[in-house]
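Peer 1: below is the structure, and that's it, no one-letter string:
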């Protein structure tokens, strides 16, 4: 299989290509130097060519996604599309069915997506869904922040044991990296409480959120995992939480990265850059976060941009969801995962005339526009918390056009003028910035920049072609064209195969599931497993033998090796 | 003025999705056009012409379109779904979702209707001379708003959960109603002339008037003495207190 993409206006930030007319040669699913004259040819005709989109934070599979589907039959009705000869039936808007997840991402030119939170115990469910999501490559980050073994080993200050537990947990869940959600808070929620700051002591465990975050960062670097610790900060969803966020970012200074990437990824900042002390004086402090990012080197974030309309909030942060449900008088699902974490799901409708929502809308944009380096702020909506991922093109258009932002601001609650800086921000991002925030940046943050998020030789042949000619369009003025072009890719190529043409699915190959096999010395694992066996004997409701995700759950695995021992030796 | 007459040409045992039977869809169309409109019978695609004899006279906009349906339509679902204007007269029984999401016009039925009639209705009028099934004027699964406007009148009885999640409009039942009428109400008015049980649970707004007997009351209402409505004295209750509700329940 050979393919040649000619006359594309290529944006490939990590190879320094900014709109140059470059040909791209593809052979056997990879990008190569050149192909033979037998290769089939796609003439891009000067249109925008980018690497396939990568999304490092989205909720696409697992127990709480499915809980959202169960509790929102009205959402299922919102996106019904019958099957075709190629595609299976689609449903839903904020919580689409598994097929729609794959198709809709591919239609936007996205080819790699990571589920941002799975509890080890629920990992089977996550993989059962991932196995059914067509086209895209995917993976799942594993929750470690409130797990009993994590907190035990942190208290013991035994990093070898903690590293062994993380490596074993990633194997048990076939996970890709360390997710840490409201560390300590998930456990406190089991007693109807929450932690209120980085120095609160978690009862019975005698550790603080600060200890947990720092220890996990250290272990992450000891193991040399491709991704960094992925943190959902404490106090999320509470006015004034930007201070906790800044204090959490400050912790990153204590750890040196083992690779060319951040040591801490602080996620969905829209939900944790809140100023004020209550809902009355609620205001945006996204500028403070941006300012911090501009002066630090080893931290990245993502926007978690709010989209007006229907959304479904879902998180492993159980207590914040209880507060949400009480505040909104909305449906509420609560989950407790034995020794591991909690979770909650609450539907929400973001309205333009509600001051809090209007301010939150501004936060994500402020963060992206005030942070100088686009590698530090990834474009996400924390699907489906801020809004469904199908709205990424709307966010792209907002970032590229001040005109669009000003038009939107006119329709919003007046609080957006007083409590945010967005009306005065004139910066407009270019195609290169967007390519970073939707592709190269995500791949770098995930540690997959060798094969994802770029178009150099050796990269996976995941490519998107959009129906815009960058040299003939003024995105500031023609923002509607930008949005519609990013909504439906002219071509999406996944692993060298054309999967979308003119916004329509043309093929549905099965993507791969990434997971990290981290090796640690056997003796560390043995000591650690003694504790784990005790936990299973005394507390877990299931048997250790039934806990691990088996290989049968991953029919297309892609194993990334890491660990204390170099891969060759193991 | 356009008049379209539909009669079944065979006995229909499998349910038919007939959202295309609506003045909006028929307006200005010829007999042949109407015959070729799509309908799903079970998992088979078919046309209205395959199922019904169609007679069309005259031509007009939706507001000037009258559909007369004569016969047994007890397996025909979603008649008049989303209609905005015009008139449907049904001489017989119909299946579920009659007039769902309609926002204007009028539907009258001489027979019985199955569940979900007037579901999420926004406007217009629905007159049912026979009995209604479950979830009359309710919201569909998961919705927080059912009927938002318009008027439903049932001359016979209605089954359980009528007006669930209602946010506006009016429902009048001349006969008896099943359990939990006005469940989770958030507006609108329900009048039940006959008997019912456990009305108004979880209601946060809206009015329910019951002229018959109430078999059982949920213990979530606050007694507010008596009040006269249109010259009739009722015992007045407000609630549901558990959800801080401001709903009003009038009982004889």
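Peer 2: That came through fine. Everything numeric here is computed off the predicted structure, so don't read it as measured data.
Peer 1: all contacts plus neighbour counts: C-alpha atoms, from now on.
Peer 2: OK.
Peer 1: what sits closest to residue A:83 if chain neighbours are left out?
Peer 2: Residue nearest to residue A:83 in three dimensions, not counting chain neighbours: residue A:89, with 4.1 Å by C-alpha to C-alpha, 6 or more residues apart in numbering or on different chains.
Peer 1: neighbours of the one you found, how many?
Peer 2: Residue A:89 is surrounded by 14 other residues when neighbours are defined as other C-alpha atoms under 10 Å in any protein chain shown.
Peer 1: residues touching it, list them.
Peer 2: Contacts were defined as C-alpha atoms under 8 Å, 6 or more residues apart in numbering or on different chains; by that measure residue A:89 touches A:80, A:81, A:82, A:83, A:99, A:100.
Peer 1: recalculate using a threshold of 6 Å.
Peer 2: With contact taken as C-alpha atoms under 6 Å, 6 or more residues apart in numbering or on different chains, residue A:89 is in contact with A:81, A:82, A:83.
Peer 1: now do the phi/psi pair for it.
Peer 2: Phi and psi for residue A:89, reported as degrees, to the nearest 10, are phi -60, psi 150.
Peer 1: how close does it get to residue A:102?
Peer 2: Using C-alpha to C-alpha, to the nearest Å, one gets 12 Å for the distance from residue A:89 to residue A:102.
Peer 1: thinking again about what came up before, any idea how far the residue nearest to residue A:83 lies from residue A:503?
Peer 2: Residue A:89 sits at a distance of 17 Å from residue A:503 (criterion: C-alpha to C-alpha).
Peer 1: run a quick neighbour tally on residue A:193.
Peer 2: Once other C-alpha under 10 Å is used to define contacts, residue A:193 is seen to have 13 neighbours.
Peer 1: again, but for residue A:1
Peer 2: Burial of residue A:1, expressed as a neighbour count using other C-alpha under 10 Å, amounts to 12.
Peer 1: tally of neighbours for residue A:235?
Peer 2: The tally of other residues near residue A:235 (other C-alpha under 10 Å) stands at 26.
Peer 1: so what pLDDT did it get?
Peer 2: At residue A:235 the predicted local distance difference test score is 94.
Peer 1: which residue, other than its chain neighbours, is closest to residue A:76?
Peer 2: Using C-alpha to C-alpha, 6+ apart and skipping residues adjacent in sequence, the residue nearest residue A:76 is residue A:92, 3.8 Å away.
Peer 1: was I right about that neighbour contacting residue A:81?
Peer 2: No: Residue A:92 sits out of contact with residue A:81 when judged by C-alpha atoms under 6 Å, with a separation of 9.2 Å.
Peer 1: give me the more crowded residue out of these two.
Peer 2: When residue A:92 and residue A:81 are compared on other C-alpha under 10 Å, the one with more neighbours turns out to be residue A:92, at 21 against 14.
Peer 1: would you agree that one falls within a strand?
Peer 2: No: going by DSSP: H, G, I helix; E, B strand; the rest coil, the assignment for residue A:92 is coil, not a strand.
Peer 1: from chain B, how far off is it?
Peer 2: Using C-alpha to the nearest C-alpha, to the nearest Å, one obtains 13 Å as the distance from residue A:92 to chain B.
Peer 1: can you pull the phi/psi pair for the closest residue to residue A:390 other than its chain neighbours?
Peer 2: Computed as C-alpha to C-alpha, 6+ apart, the closest residue to residue A:390 that is not its neighbour in sequence is residue A:104, at 6.9 Å. Note on residue A:104: backbone dihedrals following degrees, to the nearest 10 are phi -70, psi -40.
Peer 1: any idea how far residue A:104 is from chain B?
Peer 2: 24 Å.
Peer 1: and that residue, how many neighbours?
Peer 2: Using other C-alpha under 10 Å, the number of residues around residue A:104 comes to 20.
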